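Trainee: Following is a predicted model, sequence given first.
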Amino acid sequence: MIVAIDGPAASGKGTIARRLAAHLGVAHLDTGLLYRATARAMIELGHRLDDIEHAVSAARGLALTDFDEALLRGREMGEAASVVAAIPAVREALIETQRRFARRQEGAVLDGRDIGTVICPDATVKIFVTAAPETRAQRRALELAGRGERVDYASVLEDIRKRDERDSGRASAPLKKAADAVELDTTQMDVEAAFAAALALVRAAAAKPV
Ligand code: DC
């Protein structure tokens, strides 16, 4: 079974995906980390984020096992990731790695922006997680503060809006709900409620005859 979870920044998709994978006993890939790690490699090597050639080789050089999340999860890297993710050749360079991950025999949960539309169009179940921008900004601000980053809500909200615009407006694999995805609006839900709703969707899809 392949579970595809897409949605905008701080919608709760990562938490839902992680919880689903643990519950189902399958592997989870947070594909945002691929773009974050590509951006970080570019910054470390002193390349501009729009340097296509170096961005593609940074993307090709990634190993799925060695993400240092403490370095990748910050606000600055989310912004930078959104910039390199708009380069079609970078996306192309990362497609096969993601599809290989999804093909594992026991199944997998992948979360990102284009899992249901581009990476795994045949996924068993597709969930498009959303929440109001203000709610997402509150969640992200709490998360960043918990990580020790100094943040203020207004600039986090501005970041969220900017990223929504860039991720949805780009020409290559923009953030959008797949036609056969189910939308899960988590604005009024806590983590437990969102997880329960997602699990119900997975169970319903798994019970369907193929
Ligand atoms: O989910 P995240 O915040 O870690 O993602 C960081 C950026 O990476 C996001 O703004 C857009 C990009 N991204 C993408 O374009 N496609 C994906 N499948 C995952 C992330």
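Mentor: Cool, got the structure. Numbers count the residues shown, from 1 in each chain.
Trainee: near the ligand, which residues of the protein show up?
Mentor: 9, 31-32, 35-36, 78, 81-82, 85, 112-114, 163, 167 (C-beta under 6 Å from any ligand atom). For glycine as for every other residue, the C-beta is placed from the backbone atoms N, C-alpha and C.
Trainee: pLDDT-wise, which helix or strand of this protein ranks last?
Mentor: Least confident helix or strand of the chain, by mean pLDDT, DSSP states H and E, is helix 69-72 with a mean of 88.
Trainee: Surely D167 touches R113?
Mentor: Yes: if you go by C-beta atoms under 8 Å, D167 and R113 touch, sitting 5.7 Å apart.
Trainee: before we move on, what SS does R40 have?
Mentor: Per DSSP: H, G, I helix; E, B strand; the rest coil, the secondary structure class of R40 is helix.
Trainee: Sitting in strands, which of the residues of the chain next to the ligand do you find?
Mentor: Secondary structure assignment by DSSP state E places G112 of these in strands.
Trainee: Serialize the residues of the chain next to the ligand to CSV and add fields for pLDDT and neighbour count.
Mentor: Converted to CSV, the residues of the chain next to the ligand look like this (pLDDT from 0 to 100; neighbours: other C-beta atoms under 10 Å):
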residue, pLDDT, neighbour count
A9, 92, 26
T31, 96, 22
G32, 96, 21
Y35, 97, 28
R36, 95, 25
G78, 90, 21
A81, 95, 24
S82, 92, 24
A85, 95, 30
G112, 97, 29
R113, 96, 26
D114, 97, 23
R163, 90, 21
D167, 91, 20
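Trainee: if we take the residues of the chain next to the ligand, which one ends up nearest to L71?
Mentor: Nearest to L71 among these is R36, at 8.8 Å by C-beta to C-beta.
Trainee: Tell me the spacing between that closest one and A85.
Mentor: To A85, R36 is 9 Å away according to C-beta to C-beta, to the nearest Å.
Trainee: same check, this time on R75
Mentor: Noted for R75: a distance of 16 Å to A85, by C-beta to C-beta.
Trainee: Helices of this protein, residue ranges please.
Mentor: 13-24, 32-44, 52-60, 69-72, 75-84, 88-102, 133-146, 153-169, 191-207 (DSSP state H).
Trainee: can you tell which of the ones you listed is closest to V125?
Mentor: Shortest distance between V125 and these, using C-beta to C-beta, is found for helix 191-207: 3.6 Å.
Trainee: tilt between the closest one and helix 13-24?
Mentor: Per axes from the mean of the first three to the mean of the last three C-alpha atoms, to 10 degrees, the angle that helix 191-207 makes with helix 13-24 is 60 degrees.
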